[in-house]
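Enquirer: Based on what follows, work out the 3D shape:
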Amino acid sequence: MLVTSLFFLLKEMATNTMINVSLVPASELLDRIIETIAETAEAAKDVLVEKEGFAKLSSFLEKVVPILKELTKKNISNSESLNNAIENFDREVKAAKQLVLECRKRNKVYLFLNCRRVVKRLEQTTREISRALSFIPLASLDLSSSINEDISNLCDNMQRAEFKAAVAEEEILEKIELGILERNVDRTYANNLMVLIAEAVGISTERSALKKEFEDFKREIEDTQVRKDQAEAIQMDQIVALLERADATSSPREKEMKYFTKRKSLGNQPLEPLQSFYCPITRDVMVDPVETSSGQTFERDAIQKWFADGNTICPLTMIPLDTAILRPNKTLRQSIEEWRDRNIMITIASMKPKLHSDDEQEILHSLEQLQDLCMERDLHREWVTLENYIPILIGLLSTKNREIRNHVLDILCILAKDSDDTKERIAEVENAIEAIVRSLARRISESKLAVALLLELSKSNMVRNYIGKVQGCILLLVTMSTSDDTQAAKDAKELLENLSFLDENVVQMAKANYFRPLLERLSSGPEDVKMIMLTTLAEMELSDHNKLTLFENGVLKPLLHLVTNGNEEMKRVSVKAIQNLSTLPRNALQMIQEGAVGPLLDLLYRHNASMILREQVASTIMNLAISTAKQEAKQTEVTLLEYDEDIFKLFSLVNLTAPTIQQKILRTFHAMCQHPSTIDIRSKLRQCSAIQMLVQFCEVDDIALRANALKLFFCLTEDGDDGSLSEYVDQRCIGTLIRIIRDCHDEEEITAALGIISNLPMKNIQITQWLLDAEALPVIFRFLTNGKFNGSYKNDLIENAVGATCRFTVSTNLEWQKRAAEAGIIPVLVQLLSSGTALTKQHAATSLAQFSESSVRLSRPIKRHRGLWCCSPPPEVGCPVHMGICTVELSFCLVEAGAVQPLVTILGESDFGASKASLQALLTLIDGERLQSGSKVLAEANAIPPIIKLLGSPSTELQERALLALERIFRLIEFKQKYGASAQMPLVDLTQRGNSTTKPLAARILAHLNVLHESSSYF
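Expert: Numbering: from 1, shown residues only. All right, here's what the predicted structure looks like:
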């Protein structure tokens, strides 16, 4: 055998080249043996086949070294028998070394295919060395008993050592033997074998590497002298023939030449089968012919059925048969296969013209026949490819017949399977990939076949490059990845995964809303790739759904990591991406919860950070703040800045940064002040002199900065800190606010300025005077009468304008009231009682109540005419409440202004503030001496029932005011009799459930109604 012959050849070479050892002293020879063992052990590390076996041999040799070193210490030069034994041992060690060296430089595939023999020789070599070692006459040497025991054990272990090929190697060799035995010509089988062998010997599975290794393997066979062994030569030829079917072993050109040489030798007409090819039972050409004990041949399935039916005689000779004997007729089977292959090869070559036919049915029939042939055997697929059917099939994809296109896609997929050559041939046809991609956009039956074909093609590295470059391909695949067809969706996702090897494809996928590959690279890719993915994410226009999808798939963690650890440019792009994603409130809240605020603030506070980076950070923090203002009541409250230090530090940047960043910070705090639970934020901002700073910003020329400062200023005035406002709002500030209201064209900015004025302390008469001096009244009033304001801030603007007028209507300053009335404000306020928002109605009712408080002293008494009645002018009609002459402009009378009915209507509305203000205005009509006349007016306006109804209001203040009104009204008998019964139950309820204020009031009214005695404990 090959390795056996090799071993004895090497042994002979070692003997021939050996120095005449008899001339060498034994001690020197021992040193050389030790050196040889070291060289052998080192060389064994580089042997790539049977590593475990060579390592075991090295281990045994290395265990001999201490023994040899011990021998060098003895006087052994005069012992002839010892010298002979050492010489013999030296010879065996050198032979082992020579075997190791030869195996180290031999072709890996060659050695692998001979691994069984290699392990056998390793075992023989180990035992030869053991035998040589045991021949050394140790008894004649003065060695310790322990050394003698070690030598004895070592020899025994080496003799009993077993060397076996690895299980994986045995499995591959068995597959090779099976392929040879069954004459397997399947290309896929050969491809798989080549990959298994490559992985076993540690070489690349790339086609070029496999081809080189196979060529080296064939040269190794040709060059070896062992080729003289005929059995070995036949076996190697069989292995070569089997592996040559693999794609990697020959170029497409070589395969074509070999195929056409064979095909041209066959002629053009199929041959009829020989009579011996037919099964005597089925009368069909046999596939698996077997010979019975009678010497006759039948199809295996047919004769087995014959036996299964109870027959035990030969169907032809009628002689008894041994049913256990069925021998494969390999010769006949080979002849049948050769005949069948010849005819199929001719058939495949002759079908091409039919595919150019104008008859679609003929084309379909030919495609069906071609598809059946391709499915039968891998060899048929190779012939179809070599006959250059692929360009014809690609051309048929442009036909309008869907059935033809489907057959073509099916055939191309079958051809491409497990063949890189075919994949590349398909891709090289002009517009082939484009034609296949077009099928992705068609009906699911066709698109499903197209995506399966593209998936198969994508397994080739070269073809994979083409697919992603076809316009619209990735978008269609992303769409298909969510298809209702499970298989189509699965194939589309797998294909996208295959295409994601190219960064440009990953970018296209992200733009088509398929983010998984991008996120993977963002988390674990190289720095340059991360930068590409970041830039893509930062510059994409994302829908809210996409932003949410990215967050659900974990985009925040790698982004925050890059914000913290990336270089300056990476930080900038990461922040831009986060900014893009933070515009969705749900994402922004999650960013806060997952700790994004800290790293962002750190960047904002860095003075050496670029202006662009700080602007992006400020915009992102602003988005986070906006998200906190949009939290739903059922959500766990999320706070942007948890500590006072953070609030003060961030606001301090307003004075230290560029206007663009100042705007963002101001908007951040404005957003934070919008949440109902952020009163504390307003308080903290006032503590750090925010109002003083904002007053200064109201005067800047930067319109955007001024607008944001005004909005925040307005927020800080809403919950009233009269001390801070009075301290920092001076006449100059008032003038600035009025100038903004008068000259600005931004409704939001005007609304904020009006809101500030509306919220300024009412008790500070100096502020009101400054406003009048600045001609504020007509400026504010025009927003109540000018109908051109119809933007999104219209309601807020009117609310704040009406609120601002309240300070000009206070009853403590009759001059201010007159100026307001002369401006025509009262009719406008009455109109707003019916058309305004709840807050507008509240402000309007408050102003009207203040006006009404002055009416009693402004109502002119009715002149009584003296003289004859007939000569006197008609008497003037007095006000039913004030009993004098009232006008809207002079006495601010609610009755004359037509305000009573709108005020009564508001009492039935749900807003407590508006109802309370309206009731307060109505109470001015029944104050003091006006009780009788005012109550009558209220009764005529049907005001008393809604007042009674307010006794059941959840608002304690409303209850109290309603009780005050009823306590006065029910002093009058007529109203007590008319309405008392309807008020009894609510009043009794208040005596039971009311507070310390409402209980006695309710009891007093019940006393008026004679329900309770005045000495009741409720008093």
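
Enquirer: hey, let's count contacts and neighbours off CA atoms from now on
Expert: Will do.

Enquirer: how about residue 573, what does it touch?
Expert: For residue 573, the contact set (CA atoms under 8 Å, 6 or more residues apart in numbering) comprises 531, 534-535, 538.

Enquirer: And these, which is closest to residue 556?
Expert: Within the contacts of residue 573, the smallest distance to residue 556 is 11.8 Å, found for residue 534 (CA to CA).

Enquirer: List the contacts of the residue nearest to residue 110 when sequence neighbours are not counted.
Expert: Closest residue to residue 110 apart from its sequence neighbours, by CA to CA, 6 or more residues apart in numbering: residue 217 at 5.7 Å. Residue 217 is in contact with 107-110, counting by CA under 8 Å, 6+ apart.

Enquirer: quick revisit: so which of the contacts of residue 573 belong to helices?
Expert: Of these, the ones assigned to helices by DSSP state H are 531, 534-535, 538.

Enquirer: Mean confidence (pLDDT) on stretch 992-1012, please.
Expert: The average of the pLDDT scores along stretch 992-1012 is 84.

Enquirer: And the contacts of residue 217, which is closest to residue 440?
Expert: Nearest to residue 440 among these, counting by CA to CA, is residue 109 at 43.5 Å.

Enquirer: That closest one belongs to a strand, doesn't it?
Expert: No: the assignment for residue 109, made by DSSP: H, G, I helix; E, B strand; the rest coil, is helix rather than a strand.

Enquirer: Show the contacting residues for it.
Expert: 197-198, 201, 213-214, 217.

Enquirer: of those, closest to residue 820?
Expert: Of all the contacts of residue 109, residue 820 sits closest to residue 198, with 98.8 Å by CA to CA.

Enquirer: May I have the phi/psi pair for residue 164?
Expert: The phi/psi pair for residue 164 (degrees, to the nearest 10) reads phi -130, psi 150.

Enquirer: Okay, and the residue nearest to it when sequence neighbours are not counted sits in which element?
Expert: The shortest distance from residue 164 to any non-neighbouring residue, by CA to CA, 6+ apart, is to residue 119 (5.9 Å). Secondary structure assigned from DSSP states H and E places residue 119 in helix 115-134.

Enquirer: other SSEs contacting that helix?
Expert: helix 2-16, helix 51-72, helix 80-105, helix 145-160 (3 or more CA pairs under 8 Å, 6 or more residues apart in numbering; DSSP states H and E).

Enquirer: Give me the contacts around the second one.
Expert: Okay, so that is helix 51-72. 27, 30-31, 34, 37-38, 40-41, 44-45, 47, 100, 119, 122, 126, 147, 151, 154, 158, 163-164.

Enquirer: the inter-axis angle of that helix versus helix 115-134?
Expert: Interaxial angle of helix 51-72 relative to helix 115-134 (axes from the mean of the first three to the mean of the last three CA atoms, to 10 degrees): 10 degrees.

Enquirer: Mind listing what's buried along helix 51-72?
Expert: Neighbour counts over helix 51-72 (16 or more other CA atoms under 10 Å) mark 52-58, 60-62, 64-65, 67-68, 71 as buried.

Enquirer: can you check the third one too?
Expert: Burial within helix 80-105, assessed by neighbour count using 16+ other CA under 10 Å, is assigned to 82-104.

Enquirer: Same check on stretch 651-670?
Expert: 651, 654, 657, 659-670.

Enquirer: what's the answer for stretch 473-492, then?
Expert: Judged by neighbour count using 16+ other CA under 10 Å, the buried positions of stretch 473-492 are 473-481, 483, 488-492.

Enquirer: pLDDT averaged over stretch 600-617, what's the number?
Expert: Stretch 600-617 shows a mean pLDDT of 90.

Enquirer: Run through who's touching that stretch.
Expert: Contact with stretch 600-617 is made by 563, 571-572, 575-576, 579, 618, 621, 660-661, 664, as judged by CA under 8 Å, 6+ apart.

Enquirer: could you redo the last one with a cut-off of 7 Å?
Expert: 572, 575-576, 579, 618, 660-661 (CA atoms under 7 Å, 6 or more residues apart in numbering).

Enquirer: ok, now stretch 907-919?
Expert: Counting by CA under 7 Å, 6+ apart, 838-839, 841-842, 845-846, 903, 906, 946, 955, 958 sit against stretch 907-919.

Enquirer: and that stretch, C-alpha only, in CSV?
Expert: Extracted in CSV, the C-alpha atoms of stretch 907-919 (Å, rounded to 0.1, in the frame of the first residue of the first chain):
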residue,chain,number,x,y,z
LEU,A,907,-74.4,79.6,35.7
GLY,A,908,-75.5,76.4,34.1
GLU,A,909,-72.2,75.8,32.4
SER,A,910,-69.6,73.3,33.7
ASP,A,911,-66.6,75.7,34.2
PHE,A,912,-66.5,76.7,37.9
GLY,A,913,-64.4,79.8,37.3
ALA,A,914,-66.8,81.2,34.8
SER,A,915,-69.9,80.3,36.9
LYS,A,916,-68.3,81.9,40.0
ALA,A,917,-67.5,85.1,38.2
SER,A,918,-71.0,85.3,36.7
LEU,A,919,-72.7,84.7,40.0
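
Enquirer: coming back round to it: now list the buried members of the contacts of stretch 907-919.
Expert: Listed as buried from the contacts of stretch 907-919 are 838-839, 841-842, 845-846, 903, 906, 946, 958; burial here means 16+ other CA under 10 Å.

Enquirer: want to try JSON lines for the residues you listed, with pLDDT, secondary structure and distance to residue 331 as columns?
Expert: Converted to JSON lines, these look like this (pLDDT from 0 to 100; DSSP: H, G, I helix; E, B strand; the rest coil; distance: CA to CA, whole Å):
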{"residue": "838", "pLDDT": "92", "secondary structure": "helix", "distance to residue 331": "103"}
{"residue": "839", "pLDDT": "93", "secondary structure": "helix", "distance to residue 331": "105"}
{"residue": "841", "pLDDT": "93", "secondary structure": "helix", "distance to residue 331": "108"}
{"residue": "842", "pLDDT": "93", "secondary structure": "helix", "distance to residue 331": "109"}
{"residue": "845", "pLDDT": "94", "secondary structure": "helix", "distance to residue 331": "114"}
{"residue": "846", "pLDDT": "94", "secondary structure": "helix", "distance to residue 331": "115"}
{"residue": "903", "pLDDT": "94", "secondary structure": "helix", "distance to residue 331": "114"}
{"residue": "906", "pLDDT": "93", "secondary structure": "helix", "distance to residue 331": "109"}
{"residue": "946", "pLDDT": "93", "secondary structure": "helix", "distance to residue 331": "113"}
{"residue": "958", "pLDDT": "92", "secondary structure": "helix", "distance to residue 331": "112"}
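
Enquirer: Show me the two of those that sit farthest apart.
Expert: Across the buried ones among the contacts of stretch 907-919, the longest distance by CA to CA is 20.0 Å; it joins 839 and 946.

Enquirer: Helices along the stretch 551-700 of the chain, start to end?
Expert: With DSSP state H, counting those that start in this stretch as the criterion, the stretch 551-700 of the chain has helices at 556-565, 568-581, 585-593, 597-605, 611-629, 644-652, 659-672, 679-687, 690-697.

Enquirer: possible to save the ones you listed as a markdown table with distance to residue 281?
Expert: As requested, the helices of the stretch 551-700 of the chain are exported to a markdown table (distance: least, CA to CA, whole Å):
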| stretch | distance to residue 281 |
| --- | --- |
| helix 556-565 | 73 |
| helix 568-581 | 76 |
| helix 585-593 | 77 |
| helix 597-605 | 85 |
| helix 611-629 | 84 |
| helix 644-652 | 96 |
| helix 659-672 | 92 |
| helix 679-687 | 99 |
| helix 690-697 | 106 |
